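Novice: sequence and predicted structure, then a few things I'm wondering about:
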Amino acid sequence: MTESGRIILVTGGARSGKSALAERLVARYSRPWTYIATAEPRDDEMRERIHAHQYRRGDSWSCIEEPTDLCRALRGSDGKGVRLVDCLTLWLANCQGAADIRELVTTLRQQSCPVVLVTNELGQGIVPDNAMARAFRDQHGWMNQAVAEIAHEVWMAVSGQPLRLKPMRENIDEEI
């Protein structure tokens, strides 16, 4: 696949297979593949998760670690092949309420190479018991809606299985 500037959003719950699905979607494109990591190894659990992701991807990826200035990472890596951003939820949390979603949408629209973005699907469970958590859940939902609106494809990972939300699948036997 050589389509330029294609935006693909992958959402799902925790441990739903979002990242693995996103890597499969990236594999539709020729190399080079760039991974834009927004996670920061602040504790042993996160270090283990990062290591597991690195092990699964292998050596065929280059990596940009950018916890907060995602738009700069996207602009700086454009024109060098497909990028996978993993993940928007951590980026939003790292920005502590100061994420500029409009700038993200504008930057994504300006990309000449494909971008696959991973995010979490929040807000389907219990309403958080504090105002800060509810505000984050709301901002996250609006971010997902804004990115999904401009995305050419939106996928959801459910129990490790891909579910294409946009555009609707015409042939259910079509492989991803």
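Specialist: Structure's in. What do you need?
Novice: and the helices in the protein, which stretches?
Specialist: Using DSSP state H, the helices of the chain run over residues 18-26, 44-57, 70-77, 88-94, 101-109, 131-150.
Novice: helices or strands up against the fifth one?
Specialist: Looking back up the chat, that one is helix 101-109. In this structure, helix 101-109 makes packing contacts with helix 70-77, helix 131-150, judged by 3 or more C-beta pairs under 8 Å, 6 or more residues apart in numbering; DSSP states H and E. No exception for glycine: its C-beta is placed from N, CA and C like everyone else's.
Novice: in the longest one, which residues are buried?
Specialist: For helix 131-150, a neighbour-count test (16 or more other C-beta atoms under 10 Å) marks Phe136, Gln139, His140, Met143, Asn144, Val147, Ala148 as buried.
Novice: list the residues that contact the closest residue to the third one other than its chain neighbours.
Specialist: Put plainly, it is His140. Counting by C-beta to C-beta, 6 or more residues apart in numbering, His140 lies nearest to Leu122, which is 5.1 Å off, once chain neighbours are set aside. Residues in contact with Leu122 (C-beta atoms under 8 Å, 6 or more residues apart in numbering) are Thr89, Arg137, His140, Gly141.
Novice: any idea how many residues pack against the closest residue to the last one other than its chain neighbours?
Specialist: Excluding the flanking residues, the one nearest Gly141 by C-beta to C-beta, 6+ apart is Gly123, at 5.3 Å. Neighbourhood size, Gly123 [other C-beta atoms under 10 Å]: 14.
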